[in-house]
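K.L.:
need the 3D shape of this:
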Amino acid sequence: MKTLIRKCINRDFETIYEIINEAAQAYKGVIPKDCWKENPEDATGLSVAVYMSKAELQHEIDNGVVFRGYEEAGELAGVMGIQHVKDVTLIRHAYVRTAKQNHGIGAELLSHLQTLTTRPVLIGTWADAVRAVRFYEKHGFKLVTSEEKNRLLKKYWSVSDRQIETSVVLGDEKWFEAL
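P.N.:
Reported below is the predicted structural model:
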């Protein structure tokens, strides 16, 4: 089966949105309830809880998050964003379709994105997302202290106080060397 990692383009927007929200369902009960949104954009006219609205996704892209996609047989199976902010690079919105998880797609995307920067890399995720934290630790990232996490989330991310309260930040080796 032919696979490739490629930069996502405008026509991938709906698929990125779909992958993020489908994969985020695995985090229901992990992502705080008050961080889910009712999606008024649902084509059925029914209100559906989503992790990220289309407007929020567009806002992220407009603010410099560039997505790479893992394409398998012509279909995106996973996405991961990269964003250069000040003196660091952030890994943002890393999601793999549920049916394709545990096949190394996330690892390949992460490895690819790390080749796109020489800056220290930081990743933020939900504190209770144990599976995600373990994934990043397995790939060489380490948790920063709680105090440092709060400082970093305020400096490099645009997230709510609630998200700061319920998140962790992990740094790569370059981040810890620079301290």
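K.L.:
let me see the contact set for the residue most central in space within the chain.
P.N.:
Among the residues of the chain, the one closest to the centroid is residue 93, at 1.7 Å (CA atoms, centre = their mean). Residues in contact with residue 93 (CB atoms under 8 Å, 6 or more residues apart in numbering) are 20, 52, 60, 65, 67, 79-81. (Glycine included, C-beta is placed from N, CA and C.)
K.L.:
now swap in residue 157 and tell me
P.N.:
Counting by CB under 8 Å, 6+ apart, residue 157 has contacts 85, 90, 124.
K.L.:
and the helices in this protein?
P.N.:
13-24, 54-62, 105-114, 130-138, 146-156, 161-165, 173-178 (DSSP state H).
K.L.:
run the angle between the third one and helix 130-138 for me.
P.N.:
Orientation of helix 105-114 against helix 130-138 (axes from the mean of the first three to the mean of the last three CA atoms, to 10 degrees) gives an angle of 50 degrees.
K.L.:
for helix 105-114, buried residues please.
P.N.:
105-106, 108-110, 113-114 (16 or more other CB atoms under 10 Å).
K.L.:
that one packs against which elements?
P.N.:
Judged by 3 or more CB pairs under 8 Å, 6 or more residues apart in numbering; DSSP states H and E, helix 105-114 is in contact with strand 3-7, strand 66-72, strand 75-85, strand 88-96, helix 130-138.
K.L.:
make it 7 Å
P.N.:
strand 3-7, strand 66-72, strand 75-85, strand 88-96 (3 or more CB pairs under 7 Å, 6 or more residues apart in numbering; DSSP states H and E).
K.L.:
pretty sure residue 66 is touching residue 82, no?
P.N.:
Yes - counting by CB atoms under 7 Å, residue 66 does reach residue 82; the two are 5.5 Å apart.
K.L.:
who's more crowded, these two?
P.N.:
Between residue 66 and residue 82, residue 82 has the larger neighbour count (other CB atoms under 10 Å), namely 23 against 16.
K.L.:
please name the residues that touch the closest residue in space to the more buried one that isn't next to it in sequence.
P.N.:
Closest residue to residue 82 apart from its sequence neighbours, by CB to CB, 6 or more residues apart in numbering: residue 113 at 4.8 Å. Neighbour list for residue 113: 68, 80, 82, 91 [criterion: CB atoms under 7 Å, 6 or more residues apart in numbering].
K.L.:
what pairs with the third one across the strands?
P.N.:
Yep, that's residue 82 we're talking about. On the basis of DSSP bridges, residue 82 is bridged to residue 66, residue 91.
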